[in-house]
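Asks: sequence plus predicted model, see below.
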Amino acid sequence: MLRGFLMLAAFFGFTGVALGAFAAHGLKNRLTPEYLAIFHTGVTYHLVHTLALLGVALLATQIPGRLITWAGASFAIGILLFSGSLYLLTLTGVSKLGIVTPFGGLAFLVGWVCLGLAAWRLS
């Protein structure tokens, strides 16, 4: 689990920074302020949950178990669904993509609940 979650965190960290820079420099004059704010929200959640995934990777070495694995998987799925849908929505203008966003948010919440339950079970 350690290697997999660390590799995911590295990938998501790289893509989060790259997409943030892309928005700041390449999209600033191409998107409306509203869409730029939506894109920024995607980047913010992307990077915050990348750090959470990094933490899960490190915790997996100390607290093995399904809850930690589910937390990491949920954070990764959340980044893809939540942030990914916001990126696609702003870049394509297809508002129906917003239907996917809450599922990503739910995945983030599941990840935090799993992490909390794993902590609760510690003796």
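Replies: Yep, that arrived.

Asks: so what's Gly26 scoring on pLDDT?
Replies: According to the prediction, Gly26 has pLDDT 93.

Asks: helix/strand/coil for Leu122?
Replies: Under DSSP: H, G, I helix; E, B strand; the rest coil, Leu122 falls in the coil class.

Asks: now it: phi and psi?
Replies: Backbone dihedrals for Leu122, given as degrees, to the nearest 10, come out at phi -60, psi 140.

Asks: so it makes contact with Leu67?
Replies: No: contact criterion Cβ atoms under 8 Å: Leu122 and Leu67 do not qualify, at 10.7 Å. Quick note: C-beta positions are derived from backbone N, CA and C, even for glycine.

Asks: out of those two, which sits in the busier spot?
Replies: A count of neighbours by other Cβ atoms under 10 Å puts Leu67 above the other of Leu122 and Leu67, at 19 against 7.

Asks: now do the SS call for that one.
Replies: From three-state DSSP, the assignment for Leu67 is helix.

Asks: tell me which element the residue nearest to it when sequence neighbours are not counted is part of?
Replies: Leaving aside its chain neighbours, Leu67 sits nearest to Ala118 (4.0 Å; criterion: Cβ to Cβ, 6 or more residues apart in numbering). Using DSSP states H and E, Ala118 falls within helix 101-120.

Asks: list the buried ones in that helix?
Replies: 101, 104, 107-108, 110-111, 114-115, 118 (16 or more other Cβ atoms under 10 Å).

Asks: so who does the most centrally placed residue in the chain touch?
Replies: Taking Cα atoms, centre = their mean, the centroid of the chain lies closest to Ile79, which sits 2.6 Å from it. Residues near Ile79 by Cβ atoms under 8 Å, 6 or more residues apart in numbering: 12, 45-46, 49-50, 53, 104.

Asks: many thanks, we can stop here.
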